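>>> Mind folding the following:
(chains A and B)
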Amino acid sequence: MSPSSLLRMAWRSARSHATAAALFTGAFSSGLAPATDGDLWWHLAAGREILRTRSLVSVDPFSVSAGGRPWVDVHWLFQLAAYAVFCVGGLTALVVAKCLLVAIGALLLLGAVNREAGPRAAQSFAAVFLGALFAARSLLLLRPVLVTLVLLALFFVQLERHRRERRWSALLALPLLQLVWANCQGLFALGPALVGAYLFGSWAARSDTPSLTGSPNGRATDAHSHSHRNEGAALALTLFLCALACCATPYGLRAVLLPFELFGRLLPGHENVYAANVVENAPPLAPAMAGPFWHLKWFFGFLIASFALAGRRLILTHAILVAALVLLAILGNRNVLLLYWIATPIAVMNAWRGARRLVAPVRGRRVTRTLARWAPGAACVGLLVLLFGTAWNEPALASPAPFRAPSESARILRDRPGTGTIFAADEYGGYLIWSLYPRYRPYMDTRLVLRTAAEFAEYLDVTDHPDRFDAFQKAHSFDYVILPVTYPDRYLGLIAHLDASPQWKLVFTDGAETLFAKRDDAGLDRFDVGSRADIDRVLGALEGQFRGSTRLRDAARVGLATLEITLRQFSEAERVLAPVSSPEGRALRARSRFAAGDLLGARGLGERALKDDPSDVQSLNLLALVSLRLGEPASALTYLRRSLAADPFDVEAERILSSLEEHADAYSE
Amino acid sequence: MRFSRSMPGRFDLRRCVSWGLAGILVGLLGYPPIEANLAARRAAARLATLESNPDRLTGDGEWTNASLSLRVQHLGPLLASWETIGGCGAGGTGGSVGVKWIGHNTTGGLFHSQLMLDYLSYNNGYNLIALAQIDRDIDQKQKWNVGVVVPVLFKYYSNYLQLRPPVSISNSGLGDINAYLTRRLGPINATAITASVGFPTGTHDAQYKLEYLTQDKQLGLGKFTGSLMIDHTLDESWGLIVLGALGAYRGGTNELGSYRAPTGSLYAYAGYFLGPFVPALGVTATGFTDKDQDRGIPQDLPLFLMAGNASIEWSTDWVAVLLGASFPFSTDLQLQPWLVALGVSVSPF
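Numbering: from 1, shown residues only, chains lettered A, B, ... in the order given. You can find the predicted model right below:
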């Protein structure tokens, strides 16, 4: 072998290893963020309970509203594993395990692209995949979906190998993997669906093949058909075994039906209380989701280009998979991650097949060679920098993400003697179960599969109409109420109602969570939001907690000021917001002044915000209302027009417009 | 065998799927800006109404305070983990054989579009038929409706002409495009009369080894066709009943001497409202005035068919999906080519 060919081999090897290393590192760092999701906590609690009782959980022991009901806990294997990892290294270990799973899955997919389309395509895949992971990193939650990602990758790799090499041995492992999948997450139905897609693709290709590849005498067609028939039989057998494996859970047929029940909850519609109210079920193309899912349109653009480039080189199975995943993704934003995970390698394979043909006329040119060689690498490096930078700015991994778990309220209750029940926001339920079970039980948590649609609707009704809470309380006799302030802001009305109620008193807040106890509970002192001393104590604690991050500190102050305004403590709100220079701080200050009746002050702040951003919808809405209150309807309508032109779906502007129409009608009557 | 390549209008399944998927994705991509544009226009019209008499507007009252939200966070593209809105939990405020669509379907959009995929099974092959239908009401009372149906067909037959070695053929491409006009009658538009014209856009002279395919394997007859249909819907509290009749002129005789006989059908369906689902059962009786002919030779086809149909529809305000099947029998109780269909209907904007 000549030295130049040796050098070339060494270069290729180094390049492929560098691609794998970059993808592994980037995918790993995309998950480096503290735990944000409330589900994690009841998963850990279930794992702990299984170990404690040495038996699986078959009825809900944790909550008030579903206590004693049958619970098809298909996640039990994940829960045991997660609890074991947590016992070893706490939340940090769980986050590291998550990152490892994502990185391993990414490497598996890289291998599939490499085998199908070569190392250059693999480089491109690494760049696009890192971009997709970066965009969808908010969906990389500490949940059983991580197992689904790895198993999806394994299924995809093995089924691709079988499609390409027609070796039935590639399918052997799938039923076993399916067994694990069925005992880890409700998305296990994706396994048989994936095998079914390859089976259907093989059948469709057989129907399509004679006209494309057969020979006039028919012999080649027969040979081909024979091979296709074997392929189809192996896939059909695998599908049967995978379907059988789905039944091999401690919950039998009930577990098999679970994915269908969950799918039903994704279907959009006003009547579907789960689809309309659970954030992760909202369609990502809905106007409210345009901000967080800005990347989806770019990904669709990429898919469009890849299909246009593939043309007749398209593999039908890939088309079926992408179509199904697009459908799932547009139904609920939680599935966008699944789309990116599997559609990215497929789209790169498609694009690569077509791109070869497209660039053939200019392939020899120096600029094309340079671009093809260096562009994916440069994109990978850029994305790695972005991913590292984002991970670096995240808070510590050892604690839950700030503002997301009611850790202080739970600590206060844990330190008290006795038992009781808690009305809390559903996303707080898991953490309260983890921290306080069995002494305290929350009414609601995010295991909505345990609740009927009517029960969930009733819970939402009580939170959205605080005046109905008193009757609800009479029926359930809760001992405590724990509600979030801004993540989400749905509970502000109920917080105001409880604070004004003669039965309840606010006993703790840090601006993110609020703990209410009964007025006659002598063991807990009332927290006075109008008291400078109480607020200073909270501010001091927040300064200490978020010393290293201005952004977090500002967000904490905005939360506290939001609570102050909700409870009509406007001067304290102004004081809390004084050091906050962010646009959010200024917007809230303006709203505080408006609510306090200082219309000119609100107008001044609103106009200043408009100078920085003339299409700031929140300021335009505020100025419209200020103008109305000052008796300048023409000016109000001008602001409102600008607001709706900037964002025709803005909820606040729509609310103002509807109220105006309503009051104008009343006036004319 | 390479038969299909030599045929006019060769259907390339992969290319079609590629472009079809790309087209669907373009549609999805185009949906949000179109929706935003329409919403902006609606808001502008409402504002114009208010501007016509601004003196009536007043900012007095508690409603101005209640209109203002305290949510001031901007959900930008680069949020830290703790700022994201994802995760579980309640969010912030913020012809003779066919399947007839029985159910709520969808209404109220700018236009109504429907895609029906039919799989028609034969002993020696199958037909895949994609029917894309777009229509819209042309008056406010929804008395008049115009529409167009574009069929794309893929006909596959194995062991064609019992040759040795066995030869499979496929014929595919655009079928006869139909345009139709519907007039609805009665105070609640319960009766609908639809006149339809079919244009000879499907090939009728495809050949295999210089021999014409039989007329049933062609994509069209090469002649204009026409039909007249009357539907009457009885709305009940539990569901609906649809009664109707169809008369169709299927093109007569073409220049190759192939003939498709006129046909008449009577049908009745009953659907039951089950939340968003409407399961339905129906029966169709179809008679032909004569046997179809392939270049002058009568084909061995029954003159009378009785079909049992079943379907289930799931619908929301803007999208409906229907899965159905039809099983026709001849008078000697022989099962004729049966059909399963999957349809999606959307009324966007």
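>>> pLDDT value on the closest residue to residue A:646 other than its chain neighbours, please?
For residue A:646, ignoring the flanking residues on the chain, the nearest one in space by CB to CB, 6 or more residues apart in numbering or on different chains is residue A:615 at 4.1 Å. For every residue, glycine as well, the C-beta is placed using N, CA and C. In this model, residue A:615 is scored at 86, pLDDT.
>>> same thing with residue B:166?
Per-residue pLDDT puts residue B:166 at 71.
>>> now do the one 5 residues further on
Among the per-residue scores, residue B:171 holds a pLDDT of 87.
>>> distance of residue A:103 from chain B?
18 Å (CB to the nearest CB, to the nearest Å).
>>> any idea of the pLDDT on that residue?
96.
>>> how many neighbours does it have?
Residue crowding around residue A:103 was assessed by other CB atoms under 10 Å in any protein chain shown; the count is 20.
>>> So which elements touch the helix or strand hosting it?
Per DSSP states H and E, residue A:103 falls inside helix A:76-117. Contact partners of helix A:76-117 among helices and strands, from 3 or more CB pairs under 8 Å, 6 or more residues apart in numbering or on different chains; DSSP states H and E: helix A:3-30, helix A:39-53, helix A:119-135, helix A:145-165, helix A:336-359.
>>> Can you tell me what sits against stretch A:464-475?
Residues outside stretch A:464-475 that contact it (CB atoms under 8 Å, 6 or more residues apart in numbering or on different chains) are A:423, A:461, A:462, A:490, A:493, A:494, A:496, A:497, A:498, A:501, A:503.
>>> list the buried ones in stretch B:127-147?
Across stretch B:127-147, burial judged by 16 or more other CB atoms under 10 Å in any protein chain shown covers B:127, B:128, B:129, B:130, B:131, B:133, B:135, B:137, B:145, B:147.
>>> Please flag which of those sit within helices.
Judged by DSSP state H, helices contain none of the buried residues of stretch B:127-147.
>>> where does the chain have low pLDDT?
Assuming you mean chain A. For chain A, applying pLDDT under 70 flags the ranges A:1, A:206-229, A:269-271, A:356-369, A:665-669.
>>> That was the other one, I meant chain B.
For chain B, the ranges with pLDDT under 70 are B:1-13, B:54-68, B:70-99, B:103-111, B:161-165, B:237, B:317-318, B:347-349.
>>> all helices in it, in order from the N-terminus.
B:3-6, B:13-51, B:63-67.
>>> how about CSV for these, with distance to chain A and mean neighbour count added?
Below are the helices of chain B laid out as CSV (distance: least, CB to the nearest CB, whole Å; neighbours: other CB atoms under 10 Å in any protein chain shown):
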stretch, distance to chain A, mean neighbour count
helix B:3-6, 4, 17
helix B:13-51, 4, 16
helix B:63-67, 5, 17
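>>> Reformat those as JSON lines; add distance to residue A:588.
Formatted as JSON lines, the helices of chain B follow (distance: least, CB to CB, whole Å):
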{"stretch": "helix B:3-6", "distance to residue A:588": "67"}
{"stretch": "helix B:13-51", "distance to residue A:588": "26"}
{"stretch": "helix B:63-67", "distance to residue A:588": "15"}
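>>> Of all the ones you listed, which one is nearest residue A:644?
Across the helices of chain B, residue A:644 has its closest neighbour in helix B:13-51 (4.1 Å, CB to CB).
>>> what's the angle from the closest one to helix A:336-359?
Inter-element angle recorded for helix B:13-51 and helix A:336-359: 120 degrees (by axes from the mean of the first three to the mean of the last three CA atoms, to 10 degrees).
>>> Now do the same contact list for residue 247.
Picked chain A for this. Residue A:247 touches A:182, A:253, A:255, A:256, counting by CB under 8 Å, 6+ apart.
>>> that's the wrong chain, I meant chain B
Counting by CB under 8 Å, 6+ apart, residue B:247 has contacts B:227, B:228, B:229, B:262, B:263, B:264, B:265.
>>> re the thing from before, ok, of the buried residues of stretch B:127-147, which one's closest to chain A?
Closest approach to chain A among these (CB to the nearest CB): residue B:128, at 9.0 Å.
>>> what number of residues lie near the nearest residue to the closest one once chain neighbours are set aside?
Leaving aside its sequence neighbours, residue B:128 sits nearest to residue B:154 (CB to CB, 6+ apart; 4.2 Å). Using other CB under 10 Å, residue B:154 is surrounded by 20 other residues.
>>> any idea how far residue B:154 lies from residue B:300?
Distance, residue B:154 to residue B:300, using CB to CB, to the nearest Å: 24 Å.
>>> before we move on, what about residue A:162?
Taking CB to CB, one finds residue A:162 at 43 Å from residue B:300.
>>> Please apply the same query to residue B:101.
Separation of residue B:101 from residue B:300 (CB to CB): 32 Å.
>>> The two - which one has more neighbours?
When residue B:101 and residue B:300 are compared for neighbours, residue B:101 comes out ahead with 23 against 7, by other CB under 10 Å.
>>> is the closest residue in space to that one that isn't next to it in sequence in a bridge, and if so with what?
Using CB to CB, 6+ apart and skipping residues adjacent in sequence, the residue nearest residue B:101 is residue B:322, 5.6 Å away. Beta-bridge partners recorded for residue B:322 (DSSP bridges): residue B:313, residue B:343.
>>> And the contacts of stretch A:464-475, which two are furthest apart?
Pairwise distances across the contacts of stretch A:464-475 peak at 21.7 Å for A:490 and A:503 (criterion: CB to CB).
>>> For those two, indicate the residue with more neighbours.
When residue A:490 and residue A:503 are compared for neighbours, residue A:490 comes out ahead with 22 against 11, by other CB under 10 Å.
>>> List the backbone torsions phi and psi for that one.
Torsion angles at residue A:490 (phi, psi; degrees, to the nearest 10) stand at phi -70, psi -20.
>>> In contact with the residue nearest to residue A:26 when sequence neighbours are not counted, which residues?
Spatial nearest neighbour of residue A:26, chain neighbours left out: residue A:130 (4.2 Å); criterion: CB to CB, 6+ apart. Contact analysis of residue A:130 by CB under 8 Å, 6+ apart lists A:22, A:23, A:26, A:27, A:30, A:380, A:383, A:384, A:387.
>>> now the last one, nearest residue through space, not along the chain?
If the residues on either side of it in the chain are set aside, residue A:387 comes closest to residue A:29, at 4.5 Å by CB to CB, 6+ apart.
>>> got it, and residue A:265?
residue A:274 (3.9 Å).
>>> residues near that neighbour, how many?
Count around residue A:274 with other CB under 10 Å applied: 20.
>>> State the three-state secondary structure for it.
Following DSSP: H, G, I helix; E, B strand; the rest coil, residue A:274 is assigned to helix.
>>> ok, it touching residue A:281?
Yes: here residue A:274 reaches residue A:281: they are 5.8 Å apart, a contact under CB atoms under 8 Å.
>>> how deep is residue A:55 tucked in, by neighbour count?
Per other CB under 10 Å, the neighbour tally for residue A:55 reads 10.
>>> Three-state assignment for it, please.
At residue A:55, secondary structure determined by three-state DSSP is coil.
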